[in-house]
Each structure stands twice: as C-alpha cells, then as structure tokens.
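3D, please:
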Amino acid sequence: MKKLEDFTPQEIEALNREIDNMAHESMARCWRYSPSGDVMFRSDLPFYYRFKKRFFGELGGFTPEISKRIGWE
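Numbers count the residues shown, from 1 in each chain. Okay, the predicted model is just below:
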C-alpha cells in the first residue's frame, strides 16, 4: 500500500487539483462507488480530508436529487 512519502509532489498536486475541480455529482459518485482502499478515501492520507471538506463542507454532500441520479448500482 502506497504511503504519502511514496507519492511524488506532482502526484500530490494532481490529486489535490482533481479534488478541487470535481463537480458535486462526480464527488458523490466517487464517494459511493470507489473501491475500498482508494487513495481518495484512506484516512492515513490527506486527500481524504480534502475530499471530505469540499464534498460535505463546501458542496453540502449528498442531495436527494444527486442520490437518485447516481443510484445504487
């Protein structure tokens, strides 16, 4: 399993930029459907906290409309 120190500065920058540029619905899909161990959701990495702050804090998390659109496949 990749540790933070194993990421290059460019990889860290790219992941942070990806989180910052994701649309609300894309973040909801990612939250619901990403596989276990995805780097975005590992609590030992800072990406999880950045994602969580943006999705739930700034964008308001799931809405009934988004939840219905993305389903439970």
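
and the helix or strand where residue 13 lies, what's buried?
Assessed by DSSP states H and E, residue 13 sits inside helix 9-21. In terms of neighbour count (16 or more other CB atoms under 10 Å), helix 9-21 has its buried residues at 15, 19. For the C-beta atoms, the positions are set from N, CA and C on the backbone; glycine is no exception.

what's the following helix or strand after that helix?
Of the helices and strands lying after helix 9-21 in sequence (DSSP H and E), the nearest is helix 24-33.

between that following helix and helix 9-21, how many degrees?
110 degrees (axes from the mean of the first three to the mean of the last three CA atoms, to 10 degrees).

helices and strands of the chain: which one bottoms out on pLDDT?
Within the chain, no helix or strand scores below helix 64-70, which has a mean of 94 by mean pLDDT, DSSP states H and E.

which elements pack onto it?
helix 24-33 (3 or more CB pairs under 8 Å, 6 or more residues apart in numbering; DSSP states H and E).

the helix it packs on: which residues count as buried?
25, 27, 28, 30, 31.

and the one helix or strand residue 49 maps to, average pLDDT?
Using DSSP H and E, residue 49 maps to helix 46-52. In this model, helix 46-52 has a mean pLDDT of 97.

what does it contact?
Outside of helix 46-52, the residues within contact range by CB atoms under 8 Å, 6 or more residues apart in numbering are 4, 15, 16, 19, 20, 27, 30, 31, 39, 40, 41, 42.

try 7 Å
15, 16, 19, 39, 40, 41, 42 (CB atoms under 7 Å, 6 or more residues apart in numbering).

for it, C-alpha coordinates in CSV please.
Listed next in CSV are the C-alpha coordinates belonging to helix 46-52 (Å, rounded to 0.1, in the frame of the first residue of the first chain):
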residue,chain,number,x,y,z
PRO,A,46,-4.5,13.9,3.3
PHE,A,47,-6.6,13.5,0.2
TYR,A,48,-9.5,12.0,2.3
TYR,A,49,-9.7,15.1,4.4
ARG,A,50,-9.6,17.5,1.5
PHE,A,51,-12.3,15.5,-0.3
LYS,A,52,-14.5,15.3,2.7
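
pull out the buried residues from it.
In helix 46-52, counting by 16+ other CB under 10 Å, buried: 47, 48, 50, 51, 52.

please consider this matter closed, and thank you.
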